[in-house]
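> curious how this folds, go ahead:
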Amino acid sequence: NFDRILIYILSYYLNELERFILYHKFTFWGSLKFDKNRQELQSYFSELTSTRSIRDQFVRIRSISEILQFSKIDEAINYINDDLNIMTSSSHGGATTDQSLTPDEIKKFLSLRTEFSQYEIQQLQI
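Down below sits the predicted model:
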C-alpha cells in the first residue's frame, strides 16, 4: 500500500531531520525560513496521499519549529502550560500524542537559537 510506505519513509525522514536540526544554530529569521520550508514539505506530502493524515507525522517537527520561533525564552513556560492543558483536555475524550517534547528537549531546542543565553535557558523552570 502506497500510503503505508509513504508514512514509513516520511517518519524516517522526519527523524533524520530532527537529528540534523540539532547540529545547527538558528537566528529568529532562520527559524522563520525553517518553518516555511516545513510547511511546504508538509503540504507536499499531504498532496501525495488522500487516505491518511500526514499532520500527525509532523507533530514533533512543528513543535520544534514553534520553539525556534520564540521571541523570548519565557515563552517556553506558556508553551509547556498550553501543551499540558491540551493533553489534559484530550485525555477526557480524545487521543493524546506521545510525540510531545519533554522539558529537556525544549531547552535543547531553545539552545539552538543564537540570540538566547545558555545560562537563561538552563535557569528556565519548566
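> what's the weakest-modelled helix or strand in the protein?
helix 75-90 (a mean of 70; mean pLDDT, DSSP states H and E).
> on the three-state scheme, the residue positioned nearest the centre of the chain is what?
Compute the mean C-alpha point of the chain, and by Cα atoms, centre = their mean the closest residue is residue 63, 2.3 Å away. Secondary structure of residue 63, reduced to three states by DSSP: H, G, I helix; E, B strand; the rest coil: helix.
> and the closest residue to it other than its chain neighbours, how many neighbours?
Distances taken as Cβ to Cβ, 6 or more residues apart in numbering put residue 101 closest to residue 63, at 5.2 Å, once the chain neighbours are dropped. (C-beta placed from N, C-alpha, C; glycine too.) Residues lying near residue 101 (other Cβ atoms under 10 Å) number 19.
> check the one 4 residues further on too.
The local packing of residue 105 (other Cβ under 10 Å) involves 16 other residues.
> which strand or helix spans it?
Secondary structure assigned from DSSP states H and E places residue 105 in helix 103-110.
> any idea of the mean pLDDT for the next helix or strand after that helix?
Proceeding N to C from helix 103-110, the next assigned helix or strand is helix 118-123, under DSSP H and E. In this model, helix 118-123 has a mean pLDDT of 91.
> for helix 118-123, which positions count as buried?
Neighbour-count burial for helix 118-123, counted by 16 or more other Cβ atoms under 10 Å, picks out residue 121.
> summarise which helices and strands it is packed against.
Where contact means 3 or more Cβ pairs under 8 Å, 6 or more residues apart in numbering; DSSP states H and E, helix 118-123 is packed against helix 103-110.
> just the buried residues of the helix it packs on, please?
105-110.
> how much distance is there from the one helix or strand residue 43 maps to to the middle of the chain?
Assigned by DSSP H and E, residue 43 belongs to helix 28-48. Mean C-alpha position of helix 28-48 versus that of the full chain (Cα atoms, centre = their mean, to the nearest Å) differs by 12 Å.
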